[in-house]
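Participant: Need coordinates for the following:
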Amino acid sequence: MSDRPPSVVHVTPHVQAHGGTETLHAYHRHLPGEQVFVALFDRAPEARPGYVNLGFTWRTSLAEMRRRFARAFAPLAGRVVIYHDGWGLPLFRDLDGAGRRAVVLHSDPAYHAAALPGVAGLIDGVLAISPAVQAAVAAASPELAGDRVRATRVPIELPPARVARAAGGPLILGYAGRIERAQKRLDRLPGFLRTLRAAGVDFRFELIGDGAYRPALARELAGRAHLHGWVTRAEYRRIMAGWDAVVFFSDHEGGPISLLEGMAAGALPFYPAQGGSWADVYAPRVDPLCHYPPADLPALVRAIQTIFQRPAAQLEQLRARSRELVLAHSPENYLADCGDFIGRVAAAERISASPARATRASDRLPLGWVTRMTPGLLNRR
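Facilitator: Numbers count the residues shown, from 1 in each chain. Next comes the predicted model:
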């Protein structure tokens, strides 16, 4: 490998937004070599060094998307181009001028399954956010042999040691992340809270985050949970340090980062057993009851009741185990993995192709129509 770090262009749906993928970009800026971020859907129009916003919306046609992409990449030829979650790669592969091309996949295998055939043969490597995704990519793209497909640990900020709370009082349960129905499935939260109350559990539920579903969720909850909204990093850590458990209802995740950060703070994780994420790896290692059947709210409530009826000494042991499991998810470890992966991709023989993409009649269609009516067009070769 060359001693000089390669220059990298990150193609990503969002940079200026809240969420797991966007949080990772805060770390990616610290990778060795020049890092340029090309955001596809950011709302903020301003440009700044190392950041390009293409400003696509649901009204933008595929043809216009290609024109803007080509203009942005004209001065960036020859670099390592990384498509985060693979978004847009089949649409833009002949326009990026990549010296090498890679994909970082941030969610679980089920989320990426439809897109993997569309990127086969177009990439030189994949950095997977979990071992399950690494295995799925290796099965779908056997040309990516050896170290061209690598799993890494999603990074989290490790908090200071948990301050023990006084015994007694309600259980404090929490969720942190985007307030959405899709993927996060927070439409299940009201039913979960009703089931908890019916079981006689004394609790308080808190949410950190925001999203399109927040107004509707707040109306349905009618004050039965506390919505903090987005908070500062210091406040985030302070709030999470008071939680007894972090609870997720998601259909798919890669980390999720906030659940892992809750574990690092000593909260016990409760996550649906769907496979594919780090939560699916760690939750059953804390306690098998923490890995509850997906969408089975009564089973989740029984698991919480059973675990939190245990003696205080046993609960402290579970909290210590929860924290120890995620200690390797440090930013330093993640950046070392990313830097080494990018360097190896840049130095390896190129195997990615950039076949020309013929103009199609469907390119006149707006993105919103395509994603709703014929989403397969975006992955069409």
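Participant: packing partners for the helix or strand encompassing Pro215?
Facilitator: Secondary structure assigned from DSSP states H and E places Pro215 in helix 214-221. Under the contact criterion of 3 or more Cβ pairs under 8 Å, 6 or more residues apart in numbering; DSSP states H and E, helix 214-221 touches helix 189-198, strand 226-229. In short, each C-beta sits where N, CA and C put it, glycine included.
Participant: burial count for Gln305?
Facilitator: Gln305 is flanked by 15 other residues according to other Cβ atoms under 10 Å.
Participant: now Ala225
Facilitator: Quick note: Ala225 (other Cβ under 10 Å) scores 21 neighbours.
Participant: and it, what pLDDT?
Facilitator: Per-residue confidence at Ala225 stands at 95 (pLDDT).
Participant: so it makes contact with Phe192?
Facilitator: No - contact criterion Cβ atoms under 8 Å: Ala225 and Phe192 do not qualify, at 10.0 Å.
Participant: pretty sure Leu171 is touching Phe205, no?
Facilitator: No - Leu171 sits out of contact with Phe205 when judged by Cβ under 8 Å, with a separation of 9.1 Å.
Participant: Make a markdown table out of the helices and strands packed on helix 214-221 and add distance to Val80 and mean neighbour count.
Facilitator: Output for the helices and strands packed on helix 214-221, formatted as a markdown table (distance: least, Cβ to Cβ, whole Å; neighbours: other Cβ atoms under 10 Å):
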| stretch | distance to Val80 | mean neighbour count |
| --- | --- | --- |
| helix 189-198 | 41 | 17 |
| strand 226-229 | 37 | 14 |
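Participant: Could you dump the ones you listed into TSV and include distance to Pro272?
Facilitator: Shown next, in TSV, are the helices and strands packed on helix 214-221 (distance: least, Cβ to Cβ, whole Å):
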stretch	distance to Pro272
helix 189-198	11
strand 226-229	22
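Participant: and Arg100, backbone torsions?
Facilitator: phi -140, psi 160 (degrees, to the nearest 10).
Participant: residues contacting it?
Facilitator: 6, 80-81, 124-125, 345-346, 348, 350, 352 (Cβ atoms under 8 Å, 6 or more residues apart in numbering).
Participant: Next step: these restricted to helices.
Facilitator: Cross-referencing those against helices under DSSP state H gives 345-346.
Participant: Could you list the low-pLDDT ranges of the chain?
Facilitator: 1-2, 16-23, 45-47, 160-167 (pLDDT under 70).
Participant: Kindly calculate the angle that the helix holding Pro215 makes with helix 189-198.
Facilitator: 20 degrees (axes from the mean of the first three to the mean of the last three Cα atoms, to 10 degrees).
Participant: what does helix 214-221 contact?
Facilitator: Where contact means Cβ under 8 Å, 6+ apart, the residues beyond helix 214-221 that reach it are 179, 186-187, 189-190, 193, 227, 229.
Participant: mind running it again at 10 Å?
Facilitator: 178-181, 186-187, 189-191, 193, 205, 207, 211, 213, 225, 227, 229 (Cβ atoms under 10 Å, 6 or more residues apart in numbering).
Participant: next one: stretch 179-187
Facilitator: With contact meaning Cβ under 10 Å, 6+ apart, stretch 179-187 is reached by 19, 107, 111, 175, 177-178, 188-189, 192, 207-218, 220-221, 227, 229-230, 248-253, 256, 272, 294-295.
Participant: which of these are buried?
Facilitator: Using 16 or more other Cβ atoms under 10 Å as the burial test, the contacts of stretch 179-187 include 19, 107, 111, 175, 177-178, 188-189, 192, 207-211, 213-214, 217, 220-221, 227, 248-253, 256, 272, 294 as buried.
Participant: mind giving me the domain split of the protein?
Facilitator: 8-155+330-379, 171-325 (automatic domain parsing).
Participant: name the helices or strands packed onto the one helix or strand Gly174 maps to?
Facilitator: Element membership of Gly174 [criterion: DSSP H and E] is strand 171-176. In terms of contacts (3 or more Cβ pairs under 10 Å, 6 or more residues apart in numbering; DSSP states H and E), strand 171-176 is packed against helix 189-198, strand 203-208, strand 226-229, helix 233-240, strand 245-247, helix 257-264, helix 297-308.
Participant: between it and helix 189-198, how many degrees?
Facilitator: In terms of direction (the same axes, to 10 degrees), strand 171-176 departs from helix 189-198 by 170 degrees.
Participant: Strand partners (parallel or antiparallel) of strand 171-176?
Facilitator: Applying DSSP bridges, strand 171-176 is found paired with strand 203-208 (parallel), strand 245-247 (parallel).
Participant: State the three-state secondary structure for Phe270.
Facilitator: For Phe270, the assignment made with DSSP: H, G, I helix; E, B strand; the rest coil gives strand.
Participant: so it touches Phe248, yeah?
Facilitator: Yes - counting by Cβ atoms under 10 Å, Phe270 does reach Phe248; the two are 7.0 Å apart.
Participant: got any residues that touch both of the two?
Facilitator: 259, 279, 283.
Participant: Save those as a markdown table, and put in distance to Glu324 too.
Facilitator: Converted to a markdown table, those look like this (distance: Cβ to Cβ, whole Å):
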| residue | distance to Glu324 |
| --- | --- |
| Leu259 | 16 |
| Ala279 | 16 |
| Ala283 | 14 |
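Participant: Show me where this protein has its strands.
Facilitator: For the chain, applying DSSP state E gives strands covering 8-12, 35-39, 51-53, 80-84, 100-105, 125-128, 149-151, 171-176, 203-208, 226-229, 245-247, 268-272, 291-292.
Participant: In TSV: the helices and strands packed on strand 171-176, plus distance to Arg59.
Facilitator: Formatted as TSV, the helices and strands packed on strand 171-176 follow (distance: least, Cβ to Cβ, whole Å):
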stretch	distance to Arg59
helix 189-198	33
strand 203-208	32
strand 226-229	29
helix 233-240	35
strand 245-247	37
helix 257-264	32
helix 297-308	39
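Participant: Could you point out which of these sits nearest His10?
Facilitator: helix 257-264 (17.6 Å; Cβ to Cβ).
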